[in-house]
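> Got a sequence here, can you model it:
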Amino acid sequence: MGSSARGRQAEANALVPLPLRDGVAPSYLWLTETRAGGMLRFLCERFPDVPMQSWAARLERGEVVDAKGARVAFDTPVRQGMRIWYYRELDVPEVPIPFQEAVLFQDDHILVADKPHFLPTIPSGRFLRETLLVRLKRTHDLPHLVPIHRLDRETAGVVIFSHNPASRGAYQSMFQKRVVTKTYEAIAPLLQGRTLPFTYRSRMQDAAQFFLSEEVAGEPNSETLIELIEGRGLLARYRLHPHTGRKHQLRLHLASLGAPIVGDSFYPVARPCGSDDFSAPLQLLARAIAFDDPLTRQPRSFASRFDLRWPM
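Presented below is the predicted three-dimensional model:
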């Protein structure tokens, strides 16, 4: 990262007018137009799913501020170019995720975490504090913590975070350049009629249901090397090496081969959404990550301490 980029990043960090609150960083919104009616009316129209009483209470508590940290009132004018800061809140209590993450490594630049099944990497939807990012910010007092890559909520394993804005770009570029080696493990039905190892390729795209991916005809844009570790009856434990990083790539590839991963509620057919069955996690694990450190040029590798569970 060049000096000008570091300067912009430092300036942006210095301008955050609200502190972390129980590990939750404030969100911000740029106002793109001038509107009549005051800030309370604007917020209710901009976020129609949030009750007016909720926004009114936040404004009363001084939890909505402008870029200089000044409190925003009910009747504060809505002007184009303003930036307001606020804390995201959930309307219903979060269901606690009864599994604990672990920190595998930390230095002045990165933190490597071991994520359990069911725990989202970052806040979204119905998850806020019960996420890996917020848990780590809260327990390790790292306000600038950002994931360099992500895992599906249902997948366990190794996740790398940056907590130093000055060196973040160097680590992000590793994933952009695809110089990081990722190794996964999965338990799924034994593949019939295949000589392992072999490489599976397909063309993937977002499905009509936004949370799913699908395969379509055309030039392949996804590739996975599949190796057999061991077999037990009708099931097998596989080692998977994704050479690309499409959404749900490993899950879709194995399902397309007729071997959906044990515990997968999305592929080959998405089951109706419901409460999590914590006794039946998806048997997919991000086992290890390896790379040459972009700052020291030394090889680094990190392995998950979690294990997959064979069905009884």
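
> Burial check on Phe198, number of neighbours?
13 (other CB atoms under 10 Å). Quick note: C-beta positions are derived from backbone N, CA and C, even for glycine.

> So it is in contact with Ile226, correct?
Yes. The pair Phe198 and Ile226 qualifies as a contact (CB atoms under 8 Å) at a distance of 6.1 Å.

> so His109 makes contact with Gly169?
No. Between His109 and Gly169 there is no contact under CB under 8 Å: 11.2 Å.

> Please enumerate the helices of the stretch 101-250 of the chain.
Along the stretch 101-250 of the chain, counting by DSSP state H, counting those that start in this stretch, helices occupy 132-140, 168-176, 249-256.

> looking at those, which is buried most?
Of all the helices of the stretch 101-250 of the chain, helix 249-256 has the most neighbours on average by mean count of other CB atoms under 10 Å, namely a mean of 23.

> which residues are contacting whichever helix or strand comes after that one?
Using DSSP states H and E, the helix or strand that follows helix 249-256 in sequence is strand 284-292. Under the criterion CB atoms under 8 Å, 6 or more residues apart in numbering, residues 112, 115, 151-152, 154-160, 174, 179-186, 239, 250-251, 261, 264, 298-304, 306-308 lie in contact with strand 284-292.

> out of those residues, which are buried?
Those of those that meet the buried threshold are 112, 115, 151-152, 154-160, 174, 180, 182-186, 239, 250-251, 261, 264, 302-304, 306, 308, by 16 or more other CB atoms under 10 Å.

> Sitting in strands, which of these do you find?
Using DSSP state E, 112, 115, 156-160, 182-186, 239, 302-303 are the members of the buried ones among the contacts of strand 284-292 that sit in strands.

> Out of the helices of the stretch 101-250 of the chain, which is closest to Arg58?
Judged by CB to CB, the one of the helices of the stretch 101-250 of the chain that comes nearest to Arg58 is helix 132-140, at 18.6 Å.

> Against which helices or strands is that closest one packed?
The contact analysis (3 or more CB pairs under 8 Å, 6 or more residues apart in numbering; DSSP states H and E) places helix 132-140 against strand 102-106, strand 110-115, strand 146-147, strand 156-162.

> Just want the angle from that helix to strand 110-115.
120 degrees (axes from the mean of the first three to the mean of the last three CA atoms, to 10 degrees).

> Please list the residues outside helix 132-140 that contact it.
By CB under 8 Å, 6+ apart, the residues outside helix 132-140 that reach it are 20, 22-25, 101, 103, 106, 111, 113, 115, 119-123, 128-129, 142-143, 145-147, 159, 161.

> The same query, at a cut-off of 6 Å, please.
Applying CB atoms under 6 Å, 6 or more residues apart in numbering, the external contacts of helix 132-140 come out as Gly23, Val24, Glu101, Lys115, Leu119, Thr121, Ile122, Leu145.

> what's the angle from it to strand 102-106?
Counting by the same axes, to 10 degrees, helix 132-140 lies at 70 degrees to strand 102-106.

> ok, the residue lying closest to Pro96 once chain neighbours are set aside - how many residues close by?
Counting by CB to CB, 6 or more residues apart in numbering, Pro96 lies nearest to Glu130, which is 6.3 Å off, once chain neighbours are set aside. Look at Glu130: counted by other CB under 10 Å, it has 17 neighbours.

> which regions of the stretch 101-250 of the chain sit below the pLDDT cut-off?
Residue ranges of the stretch 101-250 of the chain with pLDDT under 70: none are present.

> in stretch 70-83, what's buried?
With burial defined by 16+ other CB under 10 Å, the residues of stretch 70-83 counted as buried are Val72, Thr76, Val78, Met82.

> Check stretch 87-105 too.
Under the neighbour-count criterion of 16+ other CB under 10 Å, stretch 87-105 has Tyr87, Ile97, Glu101, Leu104 buried.

> Done for today, thanks.
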